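Asker: Just the structure for this:
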Amino acid sequence: MIKFRKMHGLGNDFVILDARKERALLNISSESTQKICDRNKGIGCDQLIVLENPKSDKADIFMRIYNPDGGEAGACGNATRCVADIIGKEQDKETLVVETISGLLGCIRNKDATVTVDMGTPILDWENIPLSQECDIDNLPLDCVDASAVGMGNPHCIIFVENADKADVKNCGSCLETHPLFPERTNVEFVSFSSRAHMRMRVWERGAGITLACGSGACAAAVAAMRRNLCARKITITLDGGTLDIEWRESDNHVLMTGGFTYVFDGVYRNDVKNAPYDTE
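Answerer: Predicted structure coming up:
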C-alpha cells in the first residue's frame with residue numbers, strides 16, 4: 001500500500017507520492033505510473049508527482065513529474081505551486097526552492113493563499129526548445145495555423161486564434177503534439193485576447209491530452225504573445241480551470257507565475273488488492 005496526496009492547481013490535478021518516506025518509489029515504473037494516473041482503474045490525475053530529497057544544496061525538495069503515458073516531464077508550474085505549499089508548511093518557510101530535472105524554481109508562499117513561482121528564463125533558440133530544424137520561433141512553418149514556439153523546461157507550441165473557446169483543441173492539439181517539427185513532442189496552447197492585459201488559453205498537454213490548466217504553458221504563451229507585442233509584460237490568463245497572473249520581468253527576463261492550489265484528499269493506493277485501487281484515510 002502506498003500513501004498519496006491528491007491536489008490540483010486550477011483543475012490541473014496531481015497524485016503526489018513521497019519517495020523520501022517510501023524509498024521504493026524512487027524506481028517507479030512506466031507501467032505503475034499509467035495505472036495510478038488511469039481515471040477509471042486507478043486514482044486518476046493529469047500528472048504523477050514524486051517527491052525526492054534534493055540533489056542541489058540550494059533546493060528544499062526535488063520534484064519528479066510523470067505524464068499519464070509514463071513519460072517524464074521537465075516542468076509543471078501548477079504542480080510546483082502545490083509542492084511549494086506542502087514543503088513550505090512542512091519546513092515552516094515562506095520562501096523555498098523546488099528542484100526539477102530542468103532546474104531550480106524559487107517559490108514564495110503569499111498571504112492570500114497563492115504561490116509565486118520563478119519559472120526562470122524562457123528558452124528562445126530553436127535548437128534547445130527543441131525544434132527539428134532552424135526556423136523563426138515567432139512564426140513557425142506550420143500549415144493552417146499561426147504559431148510560435150517557446151521552451152519553459154519543456155517545449156510549447158502556441159497557436160494564436162480569434163477565439164480560443166472555439167478552437168479544435170483535441171484534433172489540432174493531438175496532431176501538433178507529434179508533428180515532425182517537435183522531436184520531443186510538444187504541449188500546444190490555443191490563445192486569444194480580450195485586451196492587452198487579458199488572455200484566454202486552452203491547452204493540449206504532451207502525454208496527457210486536454211487539461212484544465214498548464215502553468216508552464218501559460219508562461220510560454222505569455223512570452224510568445226509579448227514577443228509579438230500583443231500584450232503587456234504583466235498579463236492575466238484565464239484557463240478552463242481558473243486564472244494565473246504572469247509577468248515576464250524586464251530586469252532579468254525571468255518569468256513569474258502566480259496562482260492558487262487546492263488540497264483534495266489523502267489516501268492509500270492499494271495496488272495489491274484487485275478492484276480496490278485506493279482507500280481514503
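Asker: Name the helix or strand for the residue nearest to residue 45 when sequence neighbours are not counted, please.
Answerer: If the residues on either side of it in the chain are set aside, residue 45 comes closest to residue 15, at 4.4 Å by Cβ to Cβ, 6 or more residues apart in numbering. To be clear about C-beta, it is placed using only N, CA and C from the backbone, and glycine gets the same treatment. Per DSSP states H and E: residue 15 is located in strand 12-18.
Asker: what comes up buried for the following helix or strand past that strand?
Answerer: Once strand 12-18 ends, the next helix or strand along the chain (criterion: DSSP H and E) is helix 30-37. For helix 30-37, burial by neighbour count (16 or more other Cβ atoms under 10 Å) applies to 32, 33, 34, 35, 36, 37.
Asker: Next SSE downstream of helix 30-37?
Answerer: Moving toward the C-terminus from helix 30-37, the next helix or strand (DSSP H and E) is strand 47-52.
Asker: what lines up beside that next one in the sheet?
Answerer: strand 12-18 (parallel), strand 61-66 (antiparallel) (DSSP bridges).
Asker: could I get those as a markdown table with mean pLDDT?
Answerer: Output for those, formatted as a markdown table (pLDDT from 0 to 100):
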| stretch | mean pLDDT |
| --- | --- |
| strand 12-18 | 96 |
| strand 61-66 | 97 |
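Asker: Comparing those, which stretch has the densest surroundings?
Answerer: strand 12-18 (a mean of 24; mean count of other Cβ atoms under 10 Å).
Asker: what's in contact with that strand?
Answerer: For strand 12-18, contacts defined as Cβ atoms under 8 Å, 6 or more residues apart in numbering pick out 2-8, 25, 28, 36-37, 43-51, 76, 78-79, 82-83, 86, 211-215, 241, 264.
Asker: If we go by neighbour counts, what in whatever helix or strand residue 223 lives in is buried?
Answerer: Using DSSP H and E, residue 223 falls within helix 215-227. Buried residues in helix 215-227, defined by neighbour count with 16+ other Cβ under 10 Å: 215-227.
Asker: Between the residues you listed, which sits nearest residue 256?
Answerer: Proximity of the buried residues of helix 215-227 to residue 256 (Cβ to Cβ) peaks at residue 219, which lies at 8.6 Å.
Asker: Do I have it right that the closest one meets residue 258?
Answerer: No: Residue 219 is beyond contact range of residue 258, at 11.0 Å (criterion: Cβ atoms under 8 Å).
Asker: which strands and helices sit next to the next helix-or-strand element following the helix holding residue 223?
Answerer: Sequence order places strand 234-239 as the next helix or strand after helix 215-227, per DSSP H and E. Where contact means 3 or more Cβ pairs under 8 Å, 6 or more residues apart in numbering; DSSP states H and E, strand 234-239 is packed against strand 198-205, helix 215-227, strand 242-248.
Asker: of all those, which lies closest to residue 146?
Answerer: Here helix 215-227 is closest among these (Cβ to Cβ), at 10.7 Å.
Asker: Take the contacts of strand 12-18 and, keeping just the buried ones, write it as a PyMOL select command.
Answerer: Buried subset of these, written as a PyMOL selection, criterion 16+ other Cβ under 10 Å:
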select buried, resi 2+4+5+6+7+8+25+28+36+37+43+44+45+46+47+48+49+50+51+76+78+79+82+83+86+211+212+213+214+215+241
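Asker: Disregarding flanking residues, what is the spatial nearest neighbour of residue 204?
Answerer: Distance criterion Cβ to Cβ, 6+ apart; nearest residue to residue 204, sequence neighbours excluded, is residue 173 at 2.5 Å.
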